[in-house]
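Participant: here's a sequence, model it:
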Amino acid sequence: MRETGSIGHPSRRAALTLGAGGAAAFALPGLVGAQDPVTPSPPPEPDEAARLLENLLTRMGVKVNVGSLREPLFVIDTGAERTAISDRLAAELNLAPGPPVLVHGITAAEVVQTVELPRLDFSGRRFTHMTPPVFPYEVLGADGLLGLDVLSRFRLTLLLRQRRIMLAPSGPDVIARGVAVGVASRLRTDITPVRSGRFGQLFLTHIEVDGVPAVAFVDSGAQYSIANLALMRAVDAQVGPTPRQTIRVYGVIGQSLMVHSGSVSNLRLARREMGVTPLLFGDLHAFQVLGLSEQPALLLGADILMRFDRITLDYGQSRITFGDLLRRPPQVRSP
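Facilitator: Below is the predicted model of the structure:
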């Protein structure tokens with residue numbers, strides 16, 4: 001098992017533009033009561049400028065071997081469907097251009113240039129003949145990004161209190177240990193069904209938002225959790241409409257989408273009652289790509305993930321385990 005740490009580069013991908021022109025970090029393409037649950041992180045306010053916050057999970061990086069003299073640092077992103085490389089590293093390695101590919105962004109799909117990467121080694125596994133899309137270094141905030149095309153071969157344990165990620169090989173050639181999905185407990189383990197998505201995401205299929213059944217997936221690159229409009233309408237039908245603000249989401253290449261900012265009275269996830277939970281609501285392109293636009297669905301971002309001491313994502317064995325709720329959330333620093 002290999003341990004990784006946090007890195008200090010800016011978050012990649014997208015920003016929420018607020019009423020006063022500020023921005024807050026946001027990202028797209030990669031839970032029965034407990035001891036004193038933490039206060040959930042509020043969504044950005046539409047009437048004030050918010051600073052670009054450090055994303056606790058997006059900044060988790062691992063050194064990889066790509067055949068160069070140094071070991072580049074790649075960010076781990078469970079919301080990204082494929083691994084990407086920065087233009088700086090591609091130029092440093094003098095990589096040959098590859099075919100253009102369609103990359104799914106926050107509001108739409110875009111054609112992006114790729115390069116031919118002969119090999120990528122990390123945490124005991126080797127990946128060869130890769131064609132990762134190329135993004136500006138300023139967008140990725142690192143030499144590269146590890147997406148689900150490689151992370152699907154690992155078990156990731158997010159140690160949120162320590163700001164660390166532990167990686168271990170996982171898959172049909174690795175002996176399985178543990179339970180399917182559950183909550184770490186000295187007394188029992190609670191099982192929750194999981195299924196795999198189109199690009200390898202692990203979908204939690206038994207969650208409730210204000211009593212509405214929904215499907216959820218973890219995006220460790222997202223600062224905020226966001227629900228689709230199908231879930232918003234179902235919640236309104238269940239408990240009645242609630243006041244919400246409207247803000248605009250911008251993608252990294254200028255795409256934009258209006259979303260709603262509000263909260264729900266209770267989120268039930270892996271048999272845990274999360275209580276009042278701020279959420280954003282919008283029909284992001286990711287929901288369409290994953291076939292979740294017509295049913296209530298939720299992207300779980302860092303604001304919800306940070307309420308646990310650890311989360312294990314075992315892609316090879318299709319398992320998720322949630323740890324204990326934290327009494328206090330980890331501190332998120334401004335850059």
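Participant: what about Val111, how many neighbours?
Facilitator: 9 (other C-beta atoms under 10 Å). The way it works is simple: take the backbone N, C-alpha and C, and place the C-beta from them, glycine included.
Participant: what's the answer for Ile226, then?
Facilitator: 29.
Participant: same question, Arg125
Facilitator: Close neighbours of Arg125, defined as other C-beta under 10 Å, add up to 13.
Participant: all strands of the stretch 51-200 of the chain, in order?
Facilitator: 60-63, 73-76, 84-86, 97-104, 109-115, 117-122, 125-130, 134-135, 144-146, 154-159, 164-169, 181-183, 194-196 (DSSP state E, counting those that start in this stretch).
Participant: so which of the ones you listed is the most packed in?
Facilitator: Ranked by mean neighbour count, the strands of the stretch 51-200 of the chain are led by strand 144-146 with a mean of 28 (mean count of other C-beta atoms under 10 Å).
Participant: is Val62 in contact with Phe122, as I believe?
Facilitator: Yes: Val62 is within contact range of Phe122, at 5.6 Å (criterion: C-beta atoms under 8 Å).
Participant: go ahead and confirm Leu95 touches Gln113.
Facilitator: No: the pair Leu95 / Gln113 is not scored as a contact, 11.0 Å apart, by C-beta under 8 Å.
Participant: for this protein, which residue is closest to the average position?
Facilitator: The centre of the chain sits closest to Asp219, judged by C-alpha atoms, centre = their mean, with a distance of 1.5 Å.
Participant: residues touching stretch 117-137, excluding its own?
Facilitator: By C-beta atoms under 8 Å, 6 or more residues apart in numbering, the surrounding residues in contact with stretch 117-137 are 2, 12, 62-67, 74, 82-90, 93, 95, 98-99, 101, 103, 112-116, 143-146, 150, 153-154, 167-169, 252.
Participant: what residue ranges in this protein score low on pLDDT?
Facilitator: 1-59, 106-107, 171-193, 198, 250-255, 328-335 (pLDDT under 70).
Participant: after the lengthiest helix in it, heading C-terminal, what element do we hit next?
Facilitator: Ranked by residue count and defined by DSSP state H, the top helix of the chain is helix 229-239. Downstream of helix 229-239, the next assigned helix or strand under DSSP states H and E is strand 245-250.
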